[in-house]
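J.: Take this sequence and fold it.
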Amino acid sequence: MGQFQRNTIYNIVGSIVPTISTIICIPYYLETLGVANYGVYVIVILIFGYTGVFDIGLARATTNQLAKLSPLDFNQVSRFVQTAIQVSAVSGMLFGAFVYVVYMVALQIYGGSWGLAADAAAIIGLTVSMCVPTVTTWAAATGAIDARGRFLESNILQVSASVLVQVAPLVYVTISKGGITDVIFALGVVRYFMVLVALLSVRKIFSISKLHVIDTKVARSLIKYGVSVAMGNAFGPLLSTGDQLVVSAAFGTHALAPYSIASSVVGKILVLPASILRARFPEMSRVSRGEAYILASHTFNVMATVSGVIAIFAAILVPTVMPLWLGGEVGALVTVYALPLLFGVWINSLAFIPYSLLQAIGRPGIVTRMQAIEFIPFIGILYLSTSLMGMQVVPYVWVARVGFDCVLLFWVSGLSWVLWRAALPVGFLLIFSVVASSMLTDISTRTAVGIGVLCVGAVLASGTLWLKRKS
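T.: Alright, predicted model coming up:
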């Protein structure tokens, strides 16, 4: 087994374990906090995800540029890594203060937040703001580890962090009999602890024995690349989670919880493309532009069929598993939202390839401009459609946005449209599976149809992998 295959397996396992933890923890969070407060918890997690924009693109810049340095030049590598982490930490502290000021001003203007008391909302805002440096520093540290191909160590860190972030607050609030503010406080403590562990890991992996101050030349190089990525990061999370923010604003946190669960669970399909491209990105950054395009094309052929088969399998299971897992009412709502989202997530997995390719060849600014153009129309159409047709239209608008984004990325990246021939058969099978699961109410009939579709999809996936191995 080659290094790329091993790294991909590490990444997949590193993503599956937190997924299992999420599946186990969600019912307990719903029971402990209630549906409304769980919606608040979801919003805080979304805010944490969005604060990743404040690393000003340094995590991706670190991976891209560190991958090009010789590992034998210990002094240069050590100086580079320390500069990246220090700049990320400083940007996190500055933007953390900015987030707190903006949050408190908004709190004063609106006189409350998410139905919580003012003091509780203020505590949540302070905790989130103080945790911004942990997000940026963590991203730079793990980006440096990825650049050296140490995906086993990187995934051990990420699995530990993901599991602790979910389990520790739940255990703490259960023991203390606290509420949502206690959950957020425990979340912050865990984040600081895991950043400390990540920094110690970086010190060991790169054999750092001497501390360096910020190298201004390295910092300028990182920021120059990172600014374009950062602009994309500003719109990327909003495009990814804009549907959930609109649902929260229009229908409240109680309505957000089922949709957020559906989005979160279905989104786990992206474990495969994210894992493959995370392992592929350093290599794509090192090789020539022509070789990078070849790597991207080969990756697309595999991704289209394998991630499609996973989505088909999910479409078969969702209508049966969700009500059993979450209970009848919540499970039924999650199923309604999850089925159309499955097709969008599959399309999104294919969009990952031109997205990563553009960043690897040093053209992240194109992605930024695309996302900026998409953002306002997406939010406007989403808000208008929900006003006219209600929440049931939200997943379809999100799927349409993802499809448009994928087409644009393929066009600007210059990848051949011929690649889509490998995607069309499994795409049609996925649509059929989603429609069948939505319409068929009898479990045995639905299962029989699903198994037949899954078998066809498995044959397509096996054939694609066999042809790739032969080529």
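J.: Sketch out the low-pLDDT regions of the stretch 151-300 of the chain for me.
T.: Counting by pLDDT under 70, the stretch 151-300 of the chain has low-confidence residues at 226-238, 240, 253.
J.: quick one, helices of it?
T.: 151-176, 180-205, 216-251, 253-267, 271-286, 289-326 (DSSP state H, counting those that start in this stretch).
J.: for those, which one sits closest to residue 388?
T.: Set against residue 388 and scored by CB to CB, the helices of the stretch 151-300 of the chain come closest in helix 216-251, at 11.6 Å. From N, CA and C alone the C-beta is placed, and that goes for glycine too.
J.: Show me the shaky parts of the stretch 1-150 of the chain.
T.: Filtered on pLDDT under 70, the stretch 1-150 of the chain yields the residue ranges 1-5, 7-8, 10, 46-56, 71-72, 106-107, 109-123.
J.: Could you pull out the helices in it for me?
T.: 3-50, 58-66, 74-110, 118-130, 132-147.
J.: still on that earlier bit, pick the most deeply packed of the helices of the stretch 151-300 of the chain.
T.: Among the helices of the stretch 151-300 of the chain, helix 253-267 has the highest mean neighbour count (mean count of other CB atoms under 10 Å), at a mean of 23.
J.: counting contacts, what elements does that one pack onto?
T.: On a contact count with 3 or more CB pairs under 8 Å, 6 or more residues apart in numbering; DSSP states H and E, helix 253-267 meets helix 3-50, helix 216-251, helix 328-360, helix 394-413.
J.: Switch the ones you listed over to a markdown table; also include distance to residue 142.
T.: Output for those, formatted as a markdown table (distance: least, CB to CB, whole Å):
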| stretch | distance to residue 142 |
| --- | --- |
| helix 3-50 | 11 |
| helix 216-251 | 15 |
| helix 328-360 | 16 |
| helix 394-413 | 24 |
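J.: Residue ranges of each domain in the protein, please.
T.: Domain assignment for the chain, taken from automatic domain parsing, gives 1-214, 243-471.
J.: what would those look like in CSV with distance to residue 224?
T.: Compiled in CSV, the domains of the chain are given as follows (distance: least, CB to CB, whole Å):
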stretch, distance to residue 224
domain 1-214, 8
domain 243-471, 10
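J.: out of those, nearest to residue 222?
T.: domain 1-214 (4.6 Å).
J.: The helices and strands packed on helix 253-267: which one's closest to residue 434?
T.: Evaluated with CB to CB, the helices and strands packed on helix 253-267 place helix 328-360 nearest to residue 434, the distance being 5.0 Å.
J.: What about the closest residue in space to residue 84 that isn't next to it in sequence, how many residues nearby?
T.: Among residues not flanking residue 84 along the chain, residue 62 sits closest, at 4.4 Å (CB to CB, 6 or more residues apart in numbering). Using other CB atoms under 10 Å, residue 62 has 30 neighbouring residues.
J.: so what's residue 62 up against?
T.: Contacts here follow CB atoms under 8 Å, 6 or more residues apart in numbering; on that basis residue 62 touches 81, 84, 140, 143-144, 147, 222.
J.: Closest to residue 352 out of the residues you listed?
T.: Set against residue 352, the nearest of these by CB to CB is residue 143 (17.1 Å).
J.: how near is residue 178 to residue 171?
T.: Distance, residue 178 to residue 171, by CB to CB, to the nearest Å: 11 Å.
J.: Equivalent analysis for residue 403, please.
T.: With distances taken as CB to CB, residue 403 is found 41 Å from residue 171.
J.: still on that earlier bit, out of the helices and strands packed on helix 253-267, which one sits most buried?
T.: It is helix 328-360: most buried of the helices and strands packed on helix 253-267 by mean count of other CB under 10 Å, with a mean of 23.
J.: Report the angle between it and helix 253-267.
T.: Orientation check (axes from the mean of the first three to the mean of the last three CA atoms, to 10 degrees): helix 328-360 against helix 253-267 gives 60 degrees.
J.: Show me what helix 328-360 is packed against.
T.: Partner elements for helix 328-360 (3+ CB pairs under 8 Å, 6+ apart): helix 58-66, helix 253-267, helix 271-286, helix 289-326, helix 364-389, helix 394-413, helix 424-439.
J.: possible to save the ones you listed as CSV with distance to residue 187?
T.: Shown next, in CSV, are the helices and strands packed on helix 328-360 (distance: least, CB to CB, whole Å):
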stretch, distance to residue 187
helix 58-66, 20
helix 253-267, 16
helix 271-286, 22
helix 289-326, 22
helix 364-389, 27
helix 394-413, 26
helix 424-439, 34
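J.: right, and those helices - which one's nearest residue 155?
T.: helix 271-286 (9.1 Å).
J.: what's the angle between that closest one and helix 253-267?
T.: 60 degrees.
J.: Which residues does helix 271-286 contact?
T.: Helix 271-286 has contacts (CB under 8 Å, 6+ apart) with 4, 7-8, 10-12, 14-16, 19, 63-64, 67-68, 146-147, 149, 151, 292, 295-296, 299, 302-303, 306-307, 310, 349-350, 352-353, 356-357, 359-361.
J.: again, but for stretch 177-188
T.: Residues contacting stretch 177-188 (CB under 8 Å, 6+ apart): 33, 37, 40-41, 44, 48, 116, 120, 123-124, 127-128, 130-131, 134, 165, 168-170, 172-173, 176.
J.: Next: stretch 24-38.
T.: With CB under 8 Å, 6+ apart, stretch 24-38 has contacts from 40-41, 115, 166-167, 170, 173-174, 179-180, 183, 252-254, 257, 261, 325-326, 330.
J.: repeat for stretch 356-367
T.: Residues outside stretch 356-367 that contact it (CB under 8 Å, 6+ apart) are 57, 60, 64, 225, 228-229, 231-232, 277, 280-281, 284-285, 289, 292-293, 296, 355, 409, 412-413, 415.
J.: Now do it: distance from first to last residue.
T.: Start and end residues of stretch 356-367 are separated by 10 Å (CA to CA, to the nearest Å).
J.: For it, what is the distance to the chain centroid?
T.: Computed by CA atoms, centre = their mean, to the nearest Å, the chain-centroid distance of stretch 356-367 equals 18 Å.
J.: what's the average pLDDT for that stretch?
T.: Mean pLDDT, stretch 356-367: 76.
J.: burial count for residue 83?
T.: Neighbours around residue 83, by other CB under 10 Å: 23.
J.: In contact with it: list those residues for me.
T.: Shown in contact with residue 83 (CB under 8 Å, 6+ apart): 212, 214-215, 218-219, 222.
J.: Save those residues as JSON lines, and put in distance to residue 391 too.
T.: Supplementary listing: the contacts of residue 83 in JSON lines, determined by distance: CB to CB, whole Å:
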{"residue": "212", "distance to residue 391": "52"}
{"residue": "214", "distance to residue 391": "48"}
{"residue": "215", "distance to residue 391": "51"}
{"residue": "218", "distance to residue 391": "48"}
{"residue": "219", "distance to residue 391": "46"}
{"residue": "222", "distance to residue 391": "42"}
